[in-house]
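> the following block contains a protein sequence and its predicted model.
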Amino acid sequence: MNKLDRMGADFARVLGEMRGKLGANAVAVALPVGAAETYAGEIDLISMKQRRYLDAEGKAFEDGPVDAALAEAAQAAHEALLEALAEADDAFMEAYLEEPEQPVGAIRAAIRRCVVAQTLVPVFCGSSLRNKGVQALLDGIVDFLPSPDERKAPVGTNVRTEAETEIEQSPSAPLSALVFKIATDPYVGRLFFVRVYGGTLRKGQNVYNPRTRQRERVMKLLRVKSDEEEELEALGAGDIGAVVGLKGATTGDTLCAENKPVALMGITAPEPVMFMAIEPKSTAEKDKLAEALAELAAEDPTCQVRTDAETGQKILCGMGELHLEILVDRLRREFHVTANTGKPMVSYCETVTKAARQTYTFDREIAGKRHFATLTVEVSPLGRGEGRQTAVSKSAQKRLPRPEVCAIIMDALLDAIATGVLARFPMTDVRAEVVDCALLDEETATDVAFRSAAVMGFREAALAAGPEFLEPIMSLDIVTPPEYVGDIMGDINGRRGQVRDMEMKGDLQDVRASVPLAELFGYATAIRSLSRGRAGYTMEPGAFAVAPKAVKEELLNR
């Protein structure tokens, strides 16, 4: 539990929320000394010693007996820990019934057994910004978390059969490793952090990436400890390290043996909800900016870089205003690139609200050759968050002149969905299906004709299907002193937001609301002004909702 030095921090309340909202059997193994501005350290409920920090940075500390004023609360928390262990672990229960006060080693062993069995969650506390509580947490990771041998075998997907397969966690098994992070080192280049689940990853080895279906060569293997790098010859099952030399890998990719290709569960990143134009301050920095943006996009799955087809501008996409600010700041600090940026813009989407069907005939003569195809396209809405679907009905497939035309039509429909029909925003939660087709003869039934008929047929069907804009809605969680609740709720209503619920948390009021992202530009400044700097907030993407008529007209008139 972090940030216990912040205003409104309440260890007991959050511990209760872990149990109530997350359904976890959360048990404190440490107790904070003080809270908010008075936070000074923590009590280890296993050894019953109090840690006192001797400097503001938390680098120097000493362990000693518990203060007399805290002894009663610490003893009650210690007994609650022992009782929770007795309920979760039969071996500990037998020993606890014979002797209620158990030695430190037995308590640690019982916690480890419960963590491995996933019957108990030990909770530490501290303030990472000031290095307080971090040491105890690291010791807890070593003492309590399981080794790979103590967990169930991880499951991957056989690339050839698409069947689930268990990964053998042995150094002699076929290789399976997951790329979970990418970072750029100014001296070594791009580092691909991997976790080896099975087999052995060796320096100079050729590995297979099932997503790209390409071989990659491992040039170097490193063990990274903070800013120190140690070169290795191999990484075995259960090891974490960094690979140098990969070309086409990205976050969430699997590295495996080519003769036994397997795909581990990847990392799904949400779609960006905000974007802004970015350009170099001088022509000389154009290539440098492009390389830096490519590095940022490779490191961060939620960062995307694209080029606007109409204006030729580079567009930087991210998860919010702060995210874009951090990306631009990283360009300056880490890559030494200065850039001009436009105003952040909301990444709207388009969708349809009803089903519609249209028939389009493409009949053109290009370069002396006639291209002819007639397609009937049906467009229908999907549920929120279901994305995009394309299909060609079986009856239409029977009339196609060649089997590969089906794939061409599907690609054309995806391209049409990606460009939208109202204001060129990508469409989502929409299904497009070709339900019928007609042609004159095989000579005029060209790929160009089918592709064009699919795109134009989709556009006409989508325009007839009640197209609307979707705007991203953010989940806003505000913690404020009660005297500012009225002003904050009035501000939320003025931003087209809706308050979902409110709850008192100690002396503070927690307000949870849903607010359109377009109305939250500069909200950090606004909430400081409303609460005289005493309120704080967090926000995260919630869902997409149909934009109101006024917003739709504004977007159409841009």
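Received the coordinates, thanks.

> use CA for all of it now, contacts and neighbours both
Will do.

> where does Thr390 land in three-state SS?
Counting by DSSP: H, G, I helix; E, B strand; the rest coil, the backbone at Thr390 sits in strand.

> ok, now which ones touch Val405?
Contacts here follow C-alpha atoms under 8 Å, 6 or more residues apart in numbering; on that basis Val405 touches 447, 450.

> just the CA atoms of the helix or strand where it lies, as CSV, please.
Element membership for Val405, per DSSP states H and E: helix 404-419. Listed next in CSV are the C-alpha coordinates belonging to helix 404-419 (Å, rounded to 0.1, in the frame of the first residue of the first chain):
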residue,chain,number,x,y,z
GLU,A,404,-8.5,-15.2,-53.2
VAL,A,405,-11.1,-12.5,-54.0
CYS,A,406,-12.8,-13.2,-50.6
ALA,A,407,-9.7,-12.1,-48.8
ILE,A,408,-9.5,-9.0,-51.0
ILE,A,409,-13.1,-8.0,-50.2
MET,A,410,-12.4,-8.6,-46.4
ASP,A,411,-9.3,-6.3,-46.5
ALA,A,412,-11.3,-3.7,-48.4
LEU,A,413,-14.1,-3.7,-45.8
LEU,A,414,-11.5,-3.3,-43.0
ASP,A,415,-9.9,-0.4,-44.8
ALA,A,416,-13.3,1.3,-45.3
ILE,A,417,-14.2,0.8,-41.6
ALA,A,418,-10.8,2.3,-40.6
THR,A,419,-11.6,5.5,-42.5
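
> confidence score at Glu310?
pLDDT for Glu310: 67.

> buried stuff in the helix or strand hosting Asp143?
Using DSSP H and E, Asp143 sits in helix 134-144. Under the neighbour-count criterion of 16 or more other C-alpha atoms under 10 Å, helix 134-144 has 134, 136-137, 140, 144 buried.

> could you do stretch 424-443 as well?
By neighbour count on 16+ other C-alpha under 10 Å, the buried set for stretch 424-443 is 425-437, 439.

> these into JSON lines, with extra columns for distance to Ala109?
Below are the buried residues of stretch 424-443 laid out as JSON lines (distance: C-alpha to C-alpha, whole Å):
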{"residue": "Phe425", "distance to Ala109": "56"}
{"residue": "Pro426", "distance to Ala109": "54"}
{"residue": "Met427", "distance to Ala109": "54"}
{"residue": "Thr428", "distance to Ala109": "51"}
{"residue": "Asp429", "distance to Ala109": "50"}
{"residue": "Val430", "distance to Ala109": "54"}
{"residue": "Arg431", "distance to Ala109": "55"}
{"residue": "Ala432", "distance to Ala109": "58"}
{"residue": "Glu433", "distance to Ala109": "59"}
{"residue": "Val434", "distance to Ala109": "63"}
{"residue": "Val435", "distance to Ala109": "64"}
{"residue": "Asp436", "distance to Ala109": "67"}
{"residue": "Cys437", "distance to Ala109": "69"}
{"residue": "Leu439", "distance to Ala109": "75"}
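
> where do the helices sit along the stretch 301-450 of the chain?
For the stretch 301-450 of the chain, applying DSSP state H, counting those that start in this stretch gives helices covering 321-333, 394-399, 404-419, 447-463.

> and the last one, C-alpha only, in CSV?
Going back to what we said before, that points to helix 447-463. Extracted C-alpha coordinates of helix 447-463, given in CSV (Å, rounded to 0.1, in the frame of the first residue of the first chain):
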residue,chain,number,x,y,z
ASP,A,447,-9.5,-7.5,-58.1
VAL,A,448,-9.8,-3.7,-58.5
ALA,A,449,-13.5,-4.0,-59.2
PHE,A,450,-14.3,-6.1,-56.2
ARG,A,451,-12.2,-3.9,-53.9
SER,A,452,-13.7,-0.7,-55.1
ALA,A,453,-17.3,-2.1,-55.0
ALA,A,454,-16.7,-3.3,-51.4
VAL,A,455,-15.4,0.1,-50.2
MET,A,456,-18.1,2.1,-51.9
GLY,A,457,-20.9,-0.4,-51.0
PHE,A,458,-19.8,-0.2,-47.4
ARG,A,459,-19.8,3.6,-47.4
GLU,A,460,-23.3,3.8,-48.8
ALA,A,461,-24.7,1.1,-46.4
ALA,A,462,-23.0,2.8,-43.4
LEU,A,463,-24.5,6.2,-44.3
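
> so which residues make contact with that helix?
Under the criterion C-alpha under 8 Å, 6+ apart, residues 352, 356-363, 371-379, 405, 408-409, 412-413, 415-416, 420-421, 432, 434 lie in contact with helix 447-463.

> end to end, how far does stretch 349-357 reach?
Its first and final residues considered, stretch 349-357 spans 22 Å by C-alpha to C-alpha, to the nearest Å.

> how far does it sit from the chain's center?
The chain centroid and the centroid of stretch 349-357 are separated by 28 Å under C-alpha atoms, centre = their mean, to the nearest Å.

> so which bits of it are buried?
Using 16+ other C-alpha under 10 Å as the test for burial, stretch 349-357 gives 349-353, 355-357.

> which one of the residues you listed sits closest to Glu271?
Cys349 (10.9 Å; C-alpha to C-alpha).

> quick one: residues contacting that closest one.
When contacts are counted by C-alpha under 8 Å, 6+ apart, Cys349 is found next to 425-428, 469-471.

> what about Leu530, how many residues nearby?
Using other C-alpha atoms under 10 Å, Leu530 is surrounded by 16 other residues.

> that one looks like it's in a strand, true?
No. Going by three-state DSSP, the assignment for Leu530 is helix, not a strand.

> now the helices for the stretch 1-150 of the chain?
With DSSP H, counting those that start in this stretch as the criterion, the stretch 1-150 of the chain has helices at 11-22, 68-88, 90-98, 104-117, 134-144.

> nearest residue to the middle of this protein?
Ala269 (4.3 Å; C-alpha atoms, centre = their mean).

> assumed that residue was part of a helix.
No. Assessed with three-state DSSP, Ala269 is coil; it does not lie in a helix.

> state the distance from it to Thr251.
10 Å.

> so what sits against both of the two?
With C-alpha under 8 Å, 6+ apart as the test, Ala269 and Thr251 both reach Pro301.

> just to revisit the earlier point, for the residue nearest to the centre of the chain, give me phi and psi.
phi -100, psi 140 (degrees, to the nearest 10).

> my guess is it meets Pro301, correct?
Yes. Using C-alpha atoms under 8 Å, Ala269 is in contact with Pro301, at 6.0 Å.

> rewinding a little: reformat the contacts of Cys349 as JSON lines; add pLDDT and distance to Val27.
What follows is those, written out as JSON lines (pLDDT from 0 to 100; distance: C-alpha to C-alpha, whole Å):
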{"residue": "Phe425", "pLDDT": "89", "distance to Val27": "48"}
{"residue": "Pro426", "pLDDT": "90", "distance to Val27": "46"}
{"residue": "Met427", "pLDDT": "93", "distance to Val27": "46"}
{"residue": "Thr428", "pLDDT": "92", "distance to Val27": "43"}
{"residue": "Phe469", "pLDDT": "94", "distance to Val27": "46"}
{"residue": "Leu470", "pLDDT": "93", "distance to Val27": "43"}
{"residue": "Glu471", "pLDDT": "93", "distance to Val27": "41"}
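
> about what we covered before: can you pick out the most distant pair from the buried residues of stretch 424-443?
Phe425 and Leu439 (32.1 Å).

> tell me the SS of Pro171?
The local conformation at Pro171, judged by three-state DSSP, is coil.

> relative to Gly497, how far out is the nearest residue to it once chain neighbours are set aside?
Sequence neighbours aside, Gly199 is the residue nearest to Pro171 in space, at 4.2 Å (criterion: C-alpha to C-alpha, 6 or more residues apart in numbering). Going from Gly199 to Gly497 by C-alpha to C-alpha gives 52 Å.
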